[in-house]
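Participant: Provided below for reference: sequence and predicted model.
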Amino acid sequence: MPEGDTVWRTAATLREHLAGRILTRCDIRVPRFAAVDLTGCVVDEVLSRGKHLFIRVGPASIHSHLEMDGSWRVGNRPVRVDHRARIILEANAIRAVGAELGVLEILDRDHDGDVVAHLGPDLLGHDWDPRVAVANLMADPRRPIAEALLDQRVMAGVGNVYCNELCFVSGHLPTAPVGHLADPRRLVTRVRDMLWANRFRWNRCTTGDTRAGRRLWVYGRAGQGCRRCGARITYDDTGERVAYWCPACQR
């Protein structure tokens, strides 16, 4: 599932392959921007901001958001292209394909930051500030922890996997109010540490054990035994996001 670490790593991969190169093909398969052609322009930089990704090319900025199912694939041709492709960029032998992107738009490069101005500090960005993140998190003490963690205005980069894992390591149910956190600074530090440790991994790990089947505490483990106490992991899929928790370890 794409979260802040996935987008950061995707941006790094695109930057490695495209930065400094001249586009020899620009095929945008979104009706509103289908006439935009950046062929002949240099890719100056690729950067991420939370779950948002920007490819700055000439006067434009290609803004994308992976949402649930999106991805960027890049490498020497041929990189597969099918009906899911929303954009194809080529720089001679290099091809980058954005598929099933939840958001794809072409912005004025000088103002592309406007679309992410509402975000809280980026967990993997230069603007990371734990003090601001704590203040945002605790702004409403009655707010459920999971809801607050998933709000990108609090801090940018947390998705549902990290949300469930963080609730577990904090010892609280996802529905518990943030006011119950004894040390919100510690939770914010854990968020940062988790994403930072996983920024180069394709197989996300929050337990410290990178072996297959041992990487996560609760996410996706409904009905399995808790790694700490052995109780059966419970889940609820009636809301917008599925929640997992240990009924014994989380109160």
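Facilitator: Nice, thanks for sending it over. Numbers count the residues shown, from 1 in each chain.
Participant: how deep is the residue nearest to His65 when sequence neighbours are not counted tucked in, by neighbour count?
Facilitator: Leaving aside its chain neighbours, His65 sits nearest to Val103 (3.7 Å; criterion: C-beta to C-beta, 6 or more residues apart in numbering). Just so you know, the C-beta spots here come from the backbone N, C-alpha and C atoms, and that holds for glycine as well. Here the number of neighbours of Val103 (other C-beta atoms under 10 Å) works out to 16.
Participant: what's near enough to touch Val103?
Facilitator: By C-beta atoms under 8 Å, 6 or more residues apart in numbering, the contact list for Val103 reads 63-65, 67.
Participant: out of those residues, which is most surrounded?
Facilitator: When neighbours are counted by other C-beta under 10 Å, Ser64 leads these with 22 neighbours.
Participant: how far is the strand or helix carrying it from where the chain is centred?
Facilitator: When elements are assigned from DSSP states H and E, Ser64 belongs to strand 60-65. A distance of 15 Å separates the C-alpha centroid of strand 60-65 from that of its chain, computed with C-alpha atoms, centre = their mean, to the nearest Å.
Participant: now it: mean pLDDT?
Facilitator: Per-residue pLDDT values over strand 60-65 give a mean of 98.
Participant: So what are the sheet partners of it and their directions?
Facilitator: Partner strands and pairing direction for strand 60-65 (DSSP bridges) are strand 52-57 (antiparallel), strand 103-108 (antiparallel).
Participant: need the next SSE after that strand, C-terminal direction.
Facilitator: Using DSSP H and E, the next helix or strand after strand 60-65 towards the C-terminus is strand 71-76.
Participant: Can you check the pLDDT for Met1?
Facilitator: Here the pLDDT value assigned to Met1 is 68.
Participant: List the contacts of Met194.
Facilitator: With contacts defined as C-beta under 8 Å, 6+ apart, Met194 is in contact with 162, 165-166, 206.
Participant: at 6 Å instead, please
Facilitator: Neighbouring residues of Met194 by C-beta atoms under 6 Å, 6 or more residues apart in numbering: 162, 206.
Participant: Just say which of the strands paired with strand 60-65 is most tucked in.
Facilitator: Mean neighbour counts were taken over the strands paired with strand 60-65 using mean count of other C-beta atoms under 10 Å, and the top value, a mean of 23, falls to strand 52-57.
Participant: Measure how that one sits relative to strand 71-76, angle-wise.
Facilitator: Between the axes of strand 52-57 and strand 71-76, defined by axes from the mean of the first three to the mean of the last three C-alpha atoms, to 10 degrees, the angle is 40 degrees.
Participant: Export only the CA atoms of strand 52-57, formatted as PDB.
Facilitator: The C-alpha atoms that make up strand 52-57 are tabulated as PDB, following Å, rounded to 0.1, in the frame of the first residue of the first chain:
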ATOM      1  CA  HIS A  52       2.500  13.600  -3.300                       C
ATOM      2  CA  LEU A  53       5.100  13.400  -6.100                       C
ATOM      3  CA  PHE A  54       6.300  16.100  -8.400                       C
ATOM      4  CA  ILE A  55       8.400  15.800 -11.600                       C
ATOM      5  CA  ARG A  56       9.600  19.300 -12.500                       C
ATOM      6  CA  VAL A  57      10.100  19.600 -16.300                       C
END
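Participant: pLDDT of that strand, averaged?
Facilitator: Per-residue confidence for strand 52-57 averages out to 98 on the pLDDT scale.
Participant: that older thread, okay if I get the strands paired with strand 60-65 as JSON lines plus distance to Asp114?
Facilitator: What follows is these, written out as JSON lines (distance: least, C-beta to C-beta, whole Å):
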{"stretch": "strand 52-57", "distance to Asp114": "12"}
{"stretch": "strand 103-108", "distance to Asp114": "8"}
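Participant: Much appreciated, bye for now.
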